[in-house]
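K.L.:
Sequence and predicted structure are below.
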There are 2 protein chains.
Amino acid sequence: MTKTDFMAMALEQAQKAADRGEVPVGAVMVDPDKNQVVASAGNEVEATHDPTAHAEMLVIREAAASHGSTRLAGFDLYVTLEPCPMCATAISFARLRRVEFGAYDPKGGGVEHGAKIFSQPTCHHRPEIFGGVQEQEAAALLKEFFASRR
Amino acid sequence: MTKTDFMAMALEQAQKAADRGEVPVGAVMVDPDKNQVVASAGNEVEATHDPTAHAEMLVIREAAASHGSTRLAGFDLYVTLEPCPMCATAISFARLRRVEFGAYDPKGGGVEHGAKIFSQPTCHHRPEIFGGVQEQEAAALLKEFFASRR
């Protein structure tokens, strides 16, 4: 599987989240050594009444549990939206190797915007970051979702 | 119960966390209208292999689940250590009224240090913050824990 396949799977999770009435963000965690998806999720904030249940948090928690370690060094995260500061900090704690994200989020993002978590001198681990990956598909899902709720 | 009682309960959770080999941080979530603790927890990062299982996250998740809402407006969090940027962002998402914390954390904190989450223009909700509450007890627990592991 290629990077494009992994982001397509994250987009699929985002679409499923939208279908459940969740903000359409999806994520997959990949073990690149095995070229394998180890966890995938869409937002579950509304369904579980959990303000922390962002897609990124769910795949980090699931992957760490199945890996039996709080650290996922060498793992890569594909997510359809720029992570917020909560998720960016969790990504740093999990020691991920790389983050590829779709749409930029000037209002809520914490990677390229706002708190810029990985640029803080107190940040102990900074993954490689690739933003704007299949950005248009990711942004279109979000736009459509919020337009339908107005 | 008074504020001192609530922080004493958070410190008790921190001590229990230390006894389990976790970084000794404890938290309690309080519904001030009922003068009642609605959730309490210590760190569970090691036990659950979950890098996001900070005490604050656990009480937010538990309180939100039992409250049936992602928003805990009017609720107060007592925590023995300055929240990190992950927890501070979750606190903002949960719309907490107030955060009282014990020890300041220049290396990992995200309230008064580093990302200063609540001071970001992109932060949509800033609770009242009281730092340094029963600071010495909270700091002593952490100091003792890290000294014993050297």
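P.N.:
That came through, no problem. Numbers count the residues shown, from 1 in each chain, chains lettered A, B, ... in the order given.
K.L.:
Tell me who's in contact with residue A:107.
P.N.:
Contact analysis of residue A:107 by CB atoms under 8 Å, 6 or more residues apart in numbering or on different chains lists A:113, B:122. No exception for glycine: its C-beta is placed from N, CA and C like everyone else's.
K.L.:
Show me which residues of the helix or strand that contains residue A:139 are buried.
P.N.:
Assigned by DSSP states H and E, residue A:139 falls within helix A:135-148. Going by neighbour count (16 or more other CB atoms under 10 Å in any protein chain shown), the buried part of helix A:135-148 is A:135, A:137, A:138, A:139, A:141, A:142, A:145.
K.L.:
Go ahead and flag the most central residue of chain A.
P.N.:
residue A:79 (3.4 Å; CA atoms, centre = their mean).
K.L.:
hang on, that one packs against residue A:103?
P.N.:
No: using CB atoms under 8 Å, residue A:79 is not in contact with residue A:103, being 9.7 Å away.
K.L.:
With residue B:92 as the reference, measure out to residue A:22.
P.N.:
19 Å (CB to CB, to the nearest Å).
K.L.:
Next, give phi and psi for the residue nearest to the centre of chain A.
P.N.:
Backbone torsions of residue A:79, given as degrees, to the nearest 10, read phi -140, psi 140.
K.L.:
quick one, what contacts it?
P.N.:
Residue A:79 sits in contact with A:10, A:25, A:26, A:27, A:55, A:56, A:87, A:99, A:100, A:101, A:102, where contact means CB under 8 Å, 6+ apart.
K.L.:
And for the first one, the neighbour number?
P.N.:
So that's residue A:10. Burial of residue A:10 is recorded as 34 neighbouring residues (other CB atoms under 10 Å in any protein chain shown).
K.L.:
likewise the last one?
P.N.:
Residue A:102 has 27 neighbours, counted by other CB under 10 Å.
K.L.:
Specify the helix with the largest residue count in chain A.
P.N.:
In chain A, with assignment by DSSP state H, the single longest helix is helix A:3-19.
K.L.:
Could you pull out the buried residues of it?
P.N.:
In helix A:3-19, counting by 16+ other CB under 10 Å, buried: A:3, A:6, A:7, A:9, A:10, A:11, A:13, A:14, A:15, A:16, A:17, A:18.
K.L.:
Now flag whichever of those residues is closest to residue B:33.
P.N.:
Set against residue B:33, the nearest of these by CB to CB is residue A:17 (33.5 Å).
K.L.:
hang on, residue A:41 packs against residue A:26?
P.N.:
Yes: the criterion here is CB under 8 Å, and residue A:41 meets it with residue A:26 at 7.2 Å.
K.L.:
higher neighbour count, the two?
P.N.:
Ranked by neighbour count (other CB under 10 Å), residue A:41 and residue A:26 place residue A:26 first, with 31 against 25.
K.L.:
mean confidence score for stretch A:108-116?
P.N.:
For stretch A:108-116, mean pLDDT rounds to 97.
K.L.:
My error: substitute stretch A:135-149 in the last question.
P.N.:
Mean predicted confidence for stretch A:135-149 is 92.
K.L.:
and chain A, which of its residues are near chain B?
P.N.:
A:45-46, A:48-52, A:57, A:60-61, A:64-65, A:67-71, A:84-90, A:93-94, A:106-110, A:113-117, A:120-123 (CB under 8 Å from any CB of the partner chain).
K.L.:
Contacts only, for the closest residue to residue A:43 other than its chain neighbours.
P.N.:
Spatial nearest neighbour of residue A:43, chain neighbours left out: residue A:22 (4.2 Å); criterion: CB to CB, 6 or more residues apart in numbering or on different chains. Counting by CB under 8 Å, 6+ apart, residue A:22 touches A:42, A:43, A:44, A:45, A:46, A:47.
K.L.:
can I assume the third one is in contact with residue A:53?
P.N.:
Meaning residue A:44. Yes: assessed by CB under 8 Å, residue A:44 is found in contact with residue A:53 at 4.2 Å.
K.L.:
Please say which of these two ends up with more neighbours.
P.N.:
residue A:53 (21 against 18).
K.L.:
In which helix or strand does the more buried one reside?
P.N.:
Using DSSP H and E, residue A:53 maps to neither a helix nor a strand.
K.L.:
ditto for residue A:133
P.N.:
Counting by DSSP H and E, residue A:133 is found in no helix or strand.
K.L.:
how close does it get to chain B?
P.N.:
Separation of residue A:133 from chain B (CB to the nearest CB, to the nearest Å): 22 Å.
K.L.:
circling back: only whichever of the contacts of residue A:22 are buried, select them in PyMOL.
P.N.:
This is how PyMOL selects the buried members of those, with burial counted by 16+ other CB under 10 Å:
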select buried, chain A and resi 42+43+44+45
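K.L.:
Of the contacts of residue A:22, which is the nearest to residue B:37?
P.N.:
For those, the nearest to residue B:37 is residue A:45 (24.3 Å; CB to CB).
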